[in-house]
Every structure is written in structure tokens, then in C-alpha cells.
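J.: just coords:
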């Protein structure tokens with residue numbers, strides 16, 4: 001879960017600290033109040049491109065607790081991003097600088113964003129197959145099959161190399177050796193891209209630094225410098241004390257000032273600005289690192305992986321005399337094992353999809369689809385893919401008198417959001433460490449359907465923490481924590497403020513969401529009764 005979020009100088013947020021509840025957290029407020037900025041700031045934290053122009057550094061940091069990163073359960077982790085006014089970003093994990101690729105890798109494990117425009121998860125057949133396997137708990141069997149599939153690909157590569165002519169082999173070895181040699185000669189160290197960039201920013205202003213230090217020293221200890229003036233003042237103080245001892249404390253004060261000014265001068269005189277640093281060498285190194293990234297991967301880690309890959313390819317080509325018959329036997333053995341596992345996977349999917357479809361339909365009925373059609377179409381392919389031989393397609397119709405068609409062709413934005421919510425409520429127990437973020441998933445619905453969305457979000461939040469922006473009071477009443485977002489204009493400055501509202505303030509906000517302008521007492525009474533009744537049902 002995300003426990004704490006701090007935002008500084010992000011868009012119209014100056015300084016904001018948020019502490020979240022474990023379950024369902026909702027954000028409400030007038031249209032344009034800035035609710036989506038909170039979600040955007042979390043997106044920004046995990047590397048989203050920012051178009052913010054600010055003379056001050058933008059900083060977003062968050063503390064996460066009990067999250068699964070790969071196979072590891074992490075009890076606590078802090079992630080931070082700082083965007084400098086010059087456009088450079090710095091990323092930190094537990095106050096140690098890291099790369100954007102590492103941040104993105106972590107985000108895949110712990111955060112799931114969803115808005116009206118982000119339905120790729122639902123529309124992609126590959127993701128639909130993953131959703132079905134998550135529900136059926138097929139992941140261990142899938143991993144085993146994927147491992148065999150990758151081994152088969154390696155054998156295919158070796159067999160392909162064996163069939164190459166000697167001239168082709170030599171050309172490939174020459175190419176791979178050139179690329180490997182280029183990577184070895186570059187000898188790029190961990191985080192060197194970050195370090196070189198920072199040194200360039202520092203040393204390109206080295207002459208200006210030196211000039212400024214010399215100017216300050218001149219102001220301090222030149223012919224008419226501050227130190228000389230203070231020394232003269234100290235002598236005059238001695239004369240004053242002879243006539244009036246009450247000046248003695250001032251004499252001590254002048255003496256302290258003199259000592260500190262001389263310390264400052266001596267420190268600046270001893271300050272060492274490296275003269276042996278060649279800015280041209282740093283720029284050349286920076287260009288080389290960028291060139292290597294462009295050719296061999298986006299990160300230093302990618303380049304390191306490419307080096308290993310090239311070494312393996314050269315070794316394979318050099319040892320090409322390996323018995324072709326042995327490889328063919330090994331492949332045949334793998335194919336038999338893969339056939340068994342893929343058949344088992346396919347059987348589990350075809351048998352298990354019936355219950356999956358029934359469960360999804362039940363949830364769709366709750367979300368206002370009275371005459372809905374939903375099914376999972378599974379077809380067998382002649383060739384193996386990474387997940388077996390099956391291809392999966394979710395079929396949907398909002399009207400039973402219309403035929404079922406692939407979901408990506410027929411579902412509107414509002415419909416796909418509710419379908420996704422139904423599926424998430426079904427598989428949330430299998431992925432219980434993720435933080436789910438919904439931006440107006442209730443758009444386009446109202447009445448009892450909105451109540452049903454609120455109930456379902458509350459059910460999902462038993463297993464996954466949820467952050468939800470909503471305009472629906474029927475959804476907001478189900479929250480474990482309710483934030484009111486307001487935009488204020490003071491001293492010619494616009495700023496977003498958030499309040500964790502409870503009791504009477506919450507009644508006021510729910511009433512406003514219902515529309516209390518023309519009947520405030522009735523709206524408040526309705527809001528109060530609703531909160532009271534729902535609180536008995538909240539998990």
C-alpha cells in the first residue's frame with residue numbers, strides 16, 4: 001500500500017502531504033478543483049513525461065509498505081523523483097539515486113493506473129489470456145511452459161546457426177566481435193551516465209565559480225575590504241572602552257565578526273576547484289554513453305545484457321560443430337513435454353472459463369447491465385506461443401438481441417470501465433499487493449448503478465488499496481478515507497488544498513455532491529442517513 005505521499009511545486013500544488021488508509025481512499029470536489037493532479041503526481045513519480053514549467057524544483061515522494069516486487073515482499077520502500085528547472089530528472093529509492101528503468105520496473109509490480117483512456121489491459125488478447133490464467137491460478141504451469149518454450153527457441157537458434165555457410169558464420173562472428181569489442185572498450189560503469197551528466201553541469205561553470213570566489217575574497221580582504229574595515233572598527237572600539245566600559249560587549253561582537261570573516265576568507269582560499277578536469281573529455285564521454293545506449297539499449301544494464309548476449313552468440317557460432325542430431329533429439333523431447341503442458345493448460349482454460357464467465361456476468365448485472373452478454377472464446381493455434389497454443393478473446397454485447405463480438409470493437413469507454421472493474425473484483429485476491437488507481441471509473445453512470453460501483457470498489461479494497469477520483473456521492477460514501485479537494489486563490493496565487501474530512505464535514509460534501517443548492521436540509525438529511533446505513537456494510 002501507499003502509506004504517505006508528499007508533493008512539492010507540482011502544477012498548482014505548492015506543498016501537500018497525504019496519509020492514506022489501507023482500503024478505499026476517495027477524492028471529491030468541484031469540477032476543476034484539481035483532483036486529477038493527485039493521480040498525475042503519482043504517475044509523474046513513476047516516470048511519466050512532465051510538461052511542468054517551474055523555476056523551483058518539482059519533488060514528489062511516496063512511502064510504500066508491504067508490496068511485492070517480483071518474488072520479494074518489501075516491508076517498506078521510499079521512491080522519490082525530483083525535476084530540476086533545467087528539465088533533468090533525478091530518481092531515488094530509499095535516498096539512493098537510481099535509474100528511470102528501475103523505477104518503471106518497480107511500478108509494474110506495485111501500481112495499476114486506470115482511466116477512461118487506458119483500456120489496453122482489457123482490449124489486448126494477450127492480457128485477456130493473462131487475466132483468465134490469473135483467475136484459474138495457472139501461473140505456475142504457465143511459467144514452466146514458458147521456460148521450456150525459451151529453451152526450444154535457443155535450440156532453434158543453434159540449429160539455424162548450424163545450417164549457415166562458413167562465409168555467413170564468419171561474417172556474423174566478425175559483426176558480433178566488433179559490437180562486443182565496442183562495448184568492452186567503452187567500459188561504462190554503473191550510474192556513470194548520471195555521474196558524467198552531473199559533472200558536466202558543474203564543471204562547465206568552473207571559470208565562473210573561480211571568478212566569483214576571487215571577487216568575494218577581494219571584497220573581504222582587498223584594499224578597501226570588509227576585514228580591513230572591521231579591524232579598524234575594532235581599534236576604534238578599544239578607544240571607546242577607555243571612556244565608557246559599556247561598549248565592552250560591542251567590542252566582543254566586533255571581535256567575533258572579525259574572526260568569522262577571516263575564517264571565511266581562509267576557507268575560500270583553501271577551496272579546491274579541480275583545474276585538471278577537462279570539460280571536453282567529459283562531454284566526449286557523455287556522447288559515447290549516449291551513442292552506446294542508442295545502439296545497444298536504453299540503460300547501462302541493457303548494454304551489459306547485450307554484452308552477455310554477444311558473448312553467447314560468438315560462443316555458439318564458434319562451437320558450431322556440435323552434433324546436430326543431439327540438438328534435434330533434445331528439441332523433440334522438449335516438444336513432447338510442451339505438448340503435455342499446453343494440453344493441460346488448454347483443458348483448464350476451457351473448463352474454467354465457464355465459471356469465470358458466470359462470475360463476470362454476476363458482477364456486470366450488479367453494475368447496471370440488465371441484458372448483458374459476455375463470453376471467452378478460446379481457439380487452438382497450430383504453433384506454440386509463449387503461453388501454450390491457445391488464443392483468447394473476450395466477447396461482449398450490451399444487448400442480448402445483438403451478437404457477441406470482440407470486446408475491443410463494441411464496448412464504449414464507460415462499458416469497458418465497468419467490465420474491467422468486474423474482472424478486477426474477481427481476480428483481486430490473486431494480486432493483493434497492488435495499489436489500484438481509478439480516475440472517474442463511474443463516469444456516465446448514476447442511481448443504483450453508482451451504488452453498485454461503490455460497493456464493488458469497497459469489496460476490492462479488502463485485498464488491494466484503492467485511490468479513486470469520483471463525482472458520485474453513491475461511490476464516495478463507501479470510502480474508508482475521504483479527501484475533499486479545493487482550489488483556493490489567495491494573494492494572487494492559485495493553490496490546491498486537501499482535507500481529510502469526517503463526520504459533519506463529510507455530510508456537507510456528500511450533500512453538495514447530491515446537489516444541495518435548492519434543498520440543503522433534505523440533501524444533508526439524505527447524506528447523513530446514507531453514510532450511517534453504508535457504514536454498517538463497509539468492510
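T.: Okay, I see it. Bear in mind the structure is a predicted one, so any value in this text is a computation, not a measurement.

J.: Count the neighbours of residue 426 for me.
T.: When neighbours are counted by other Cβ atoms under 10 Å, residue 426 registers 18. For the C-beta atoms, the positions are set from N, CA and C on the backbone; glycine is no exception.

J.: Tell me, how many residues neighbour the closest residue to it other than its chain neighbours?
T.: Excluding the flanking residues, the one nearest residue 426 by Cβ to Cβ, 6 or more residues apart in numbering is residue 359, at 5.3 Å. Using other Cβ under 10 Å, residue 359 is surrounded by 16 other residues.

J.: following the helix or strand hosting residue 359, which helix or strand comes up?
T.: Assigned by DSSP states H and E, residue 359 belongs to helix 324-366. Once the chain leaves helix 324-366, the next helix or strand it forms, by DSSP H and E, is strand 373-385.

J.: Adjacent strands (with direction) for that following strand?
T.: strand 388-397 (antiparallel) (DSSP bridges).

J.: residues in contact with the strand it pairs with?
T.: Identification of contacts with strand 388-397 by Cβ atoms under 8 Å, 6 or more residues apart in numbering yields 122, 125, 128-129, 132, 142, 145, 341-342, 345-346, 349, 372-383, 385, 403-407, 410-411, 415, 419.

J.: picking that back up, any idea how far residue 533 is from the residue nearest to residue 426?
T.: To residue 533, residue 359 is 27 Å away according to Cβ to Cβ, to the nearest Å.

J.: likewise residue 17?
T.: In this view, residue 17 and residue 533 are 32 Å apart by Cβ to Cβ.

J.: Could you do residue 189 as well?
T.: For residue 189 relative to residue 533 (Cβ to Cβ), the value is 62 Å.

J.: And residue 57, by the same measure?
T.: From residue 57 to residue 533 the distance is 47 Å (Cβ to Cβ).

J.: Okay, helices next: where are they in the stretch 151-300 of the chain?
T.: Counting by DSSP state H, counting those that start in this stretch, the stretch 151-300 of the chain has helices at residues 166-186, 192-203, 206-221, 226-243, 248-270, 279-296, 300-318.

J.: can you tell me which of these comes nearest to residue 327?
T.: Smallest distance to residue 327 across the helices of the stretch 151-300 of the chain (Cβ to Cβ): 11.2 Å, for helix 300-318.

J.: Give me the contacts around the closest one.
T.: Residues contacting helix 300-318 (Cβ under 8 Å, 6+ apart): 99, 101, 157-158, 161, 164, 169, 172-173, 176-177, 179-180, 183-184, 186, 188-193, 289, 292-293, 296-297.

J.: Among those, name the buried ones.
T.: Among the contacts of helix 300-318, those classed as buried by 16 or more other Cβ atoms under 10 Å are 99, 101, 158, 161, 172-173, 176, 179-180, 183, 186, 188, 193, 289, 292-293, 296-297.

J.: Any stretches of the stretch 151-300 of the chain with poor pLDDT?
T.: 165-166, 272-277 (pLDDT under 70).

J.: More neighbours: residue 57 and residue 533, which one.
T.: Neighbour totals were compared for residue 57 and residue 533, and residue 57 leads with 13 against 10 (other Cβ under 10 Å).

J.: hang on, isn't the more buried one packed against residue 82?
T.: Yes - counting by Cβ atoms under 8 Å, residue 57 touches residue 82, with 5.5 Å between them.

J.: Kindly confirm my reading that residue 495 forms part of a strand.
T.: Yes - counting by DSSP: H, G, I helix; E, B strand; the rest coil, one finds residue 495 located in a strand.

J.: so who does it touch?
T.: By Cβ under 8 Å, 6+ apart, residue 495 lies in contact with 12-14, 487-489.

J.: Repeat that for residue 365.
T.: Counting by Cβ under 8 Å, 6+ apart, residue 365 touches residue 372.

J.: and it, how far is that from residue 373?
T.: To residue 373, residue 365 is 12 Å away according to Cβ to Cβ.

J.: what's the answer for residue 86, then?
T.: Distance of residue 86 to residue 373, computed by Cβ to Cβ: 55 Å.

J.: What is the subsequent helix or strand relative to the lowest-mean-pLDDT helix or strand in the chain?
T.: Ranked by mean pLDDT, DSSP states H and E, the helix or strand of the chain with the weakest confidence is helix 120-123, at a mean of 68. Note on helix 120-123: by DSSP H and E, the next helix or strand toward the C-terminus is helix 125-136.

J.: Which positions in the helix or strand residue 140 falls within come out as buried?
T.: Here residue 140, judged by DSSP H and E, is contained in helix 139-162. Of the residues in helix 139-162, 141-142, 145, 148-149, 152, 155, 158, 161-162 count as buried by neighbour count, 16+ other Cβ under 10 Å.

J.: do stretch 60-69 as well
T.: Neighbour-count burial for stretch 60-69, counted by 16+ other Cβ under 10 Å, picks out 60-64, 67.

J.: Dump these into JSON lines; add pLDDT, secondary structure and distance to residue 303 as well.
T.: JSON lines is the format used below for those (pLDDT from 0 to 100; DSSP: H, G, I helix; E, B strand; the rest coil; distance: Cβ to Cβ, whole Å):
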{"residue": "60", "pLDDT": "93", "secondary structure": "strand", "distance to residue 303": "29"}
{"residue": "61", "pLDDT": "94", "secondary structure": "strand", "distance to residue 303": "29"}
{"residue": "62", "pLDDT": "93", "secondary structure": "strand", "distance to residue 303": "30"}
{"residue": "63", "pLDDT": "93", "secondary structure": "strand", "distance to residue 303": "32"}
{"residue": "64", "pLDDT": "92", "secondary structure": "strand", "distance to residue 303": "29"}
{"residue": "67", "pLDDT": "84", "secondary structure": "strand", "distance to residue 303": "29"}
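
J.: Out of those, which is nearest to residue 501?
T.: Among those, and counting by Cβ to Cβ, the member closest to residue 501 is residue 62, at 21.8 Å.

J.: From residue 264, how far off is that closest one?
T.: Taken as Cβ to Cβ, the span from residue 62 to residue 264 is 40 Å.

J.: now swap in residue 351 and tell me
T.: Residue 351 sits 80 Å away from residue 264, going by Cβ to Cβ.

J.: more crowded one of the two?
T.: Taking neighbours as other Cβ under 10 Å, residue 351 and residue 264 compare with residue 264 leading, 16 against 10.

J.: Does the more buried one touch residue 220 like I think?
T.: Yes - judged on Cβ under 8 Å, residue 264 makes contact with residue 220 at a distance of 6.6 Å.

J.: State the phi and psi torsions of the closest residue to residue 501 other than its chain neighbours.
T.: Distances taken as Cβ to Cβ, 6+ apart place residue 484 nearest to residue 501, at 4.8 Å, with adjacent residues excluded. Main-chain dihedrals, residue 484, degrees, to the nearest 10: phi -100, psi 120.

J.: same thing with residue 90?
T.: Per degrees, to the nearest 10, the backbone of residue 90 is at phi -120, psi 140.

J.: which residues does it bridge with?
T.: Judged by DSSP bridges, the bridge partners of residue 90 are residue 82.

J.: That one contacts residue 84, doesn't it?
T.: Yes - with contact defined as Cβ under 8 Å, residue 90 reaches residue 84; the gap is 7.3 Å.

J.: which of the two has more neighbours?
T.: Between residue 90 and residue 84, counted using other Cβ under 10 Å, residue 90 has the larger neighbour count: 17 against 14.

J.: which among the contacts of strand 388-397 end up buried?
T.: Buried members of those, scored by 16+ other Cβ under 10 Å, are 122, 128-129, 132, 142, 145, 341-342, 345, 349, 372-376, 404, 407, 410-411, 415, 419.
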